[in-house]
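**Student:** got a predicted structure here, sequence first:
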Amino acid sequence: MHWLTEPFRYTFMQNGFLAAILIGVTCAVLGVYVVLRRMAFIGDALAHTVLPGLVVAYLKGWNLFGGAVVAGLLTALGIGWFSRREIVHEDTAIGVLFTGMFASGILLISMTRSFRELSHMLFGNILGVTRADLLLIAAIAVFVLTALFLFHKELELTSFDPTYAEVIGLKADRVRYGLLILLALTVVAGIQAVGVVLTSALLVTPPAAASLWTRRLPYMMGIAALMAVGSSVLGLYVSYYFHASSGAAIVLACTACFLLSWLVHTLRHQIRS
């Protein structure tokens, strides 16, 4: 049992484990709506478009989370604005903002000539989470999960039957804007764990795996959260004992959960048929 408790001797590992649990649960629960609404591309776009906000905050000596939140919220609102009334298709608006903002971030990084110092923004550094970061991650997690709980019915209805939602007077566009804002905040929290490049995996992979086990929304959220937290903890142990990238280890653990779920689902389907 010593190898299980040894990492907890260090404060940075304690912070990392707590951050992994908070981020894992938040990404998994919100990610269920991302998967149901087929918004995986939006999650990926938001993960990349916060990069210029991170770089500007770094260069100015501001709080990195603040820069990422501003960039993420601007992107989320921009996607909603450009794609309103279908003047521009949503996937087109995402593609334009995604490439433009990410290119801006890369340009700013290249001008600083400090790729090593900024590499944690791309690939994450959950072991570098401080107590202040942890409090901010916890605040985001509480806010996002509370909002999802309070507006569960609206989100569920607009996810499964947006036409009926409009008929009964529910503004689907407003719900969508709210979901985009929650998604932006969650992406900002996830970047600390796995970085810009891999954040979308936390939002998509555990919910996708959970959808292979059940079609009931509460159960799907619970299974996705367990998978995300388990993968995050496993990834941290791997990074500690094998000196590997924590972000990559977490995402690969999530991928393994999906592959195992897909295999079980396929075998069960073949047995039944």
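**Tutor:** Noted; the coordinates are in hand.
**Student:** low-confidence ranges, the stretch 151-273 of the chain, go.
**Tutor:** 166, 192-193, 196-197, 273 (pLDDT under 70).
**Student:** quick one, helices of it?
**Tutor:** Taking DSSP state H, counting those that start in this stretch as the criterion, the stretch 151-273 of the chain carries its helices at 152-160, 162-167, 172-210, 217-242, 246-272.
**Student:** same check on the stretch 1-150 of the chain?
**Tutor:** All helices of the stretch 1-150 of the chain, identified by DSSP H, counting those that start in this stretch, fall at 2-5, 11-36, 40-49, 51-60, 64-82, 90-112, 115-123, 131-150.
**Student:** please identify the deepest-packed of these.
**Tutor:** Among the helices of the stretch 1-150 of the chain, helix 40-49 has the highest mean neighbour count (mean count of other C-beta atoms under 10 Å), at a mean of 25. For glycine as for every other residue, the C-beta is placed from the backbone atoms N, C-alpha and C.
**Student:** for that one, enumerate the helices and strands it packs against.
**Tutor:** Judged by 3 or more C-beta pairs under 8 Å, 6 or more residues apart in numbering; DSSP states H and E, helix 40-49 is in contact with helix 11-36, helix 64-82, helix 90-112, helix 172-210.
**Student:** run the chain-centre distance for stretch 172-184.
**Tutor:** With C-alpha atoms, centre = their mean, to the nearest Å as the basis, stretch 172-184 stands 15 Å off its chain's centre.
**Student:** now it: buried residues?
**Tutor:** 172, 175-184 (16 or more other C-beta atoms under 10 Å).
**Student:** who's in contact with that stretch?
**Tutor:** Here stretch 172-184 makes contact (C-beta atoms under 8 Å, 6 or more residues apart in numbering) with 30, 33-34, 37, 39, 42-43, 46, 50, 69, 72-73, 75-77, 79-80, 84, 144, 147-148, 151, 154-155, 158, 162, 165-166, 203.
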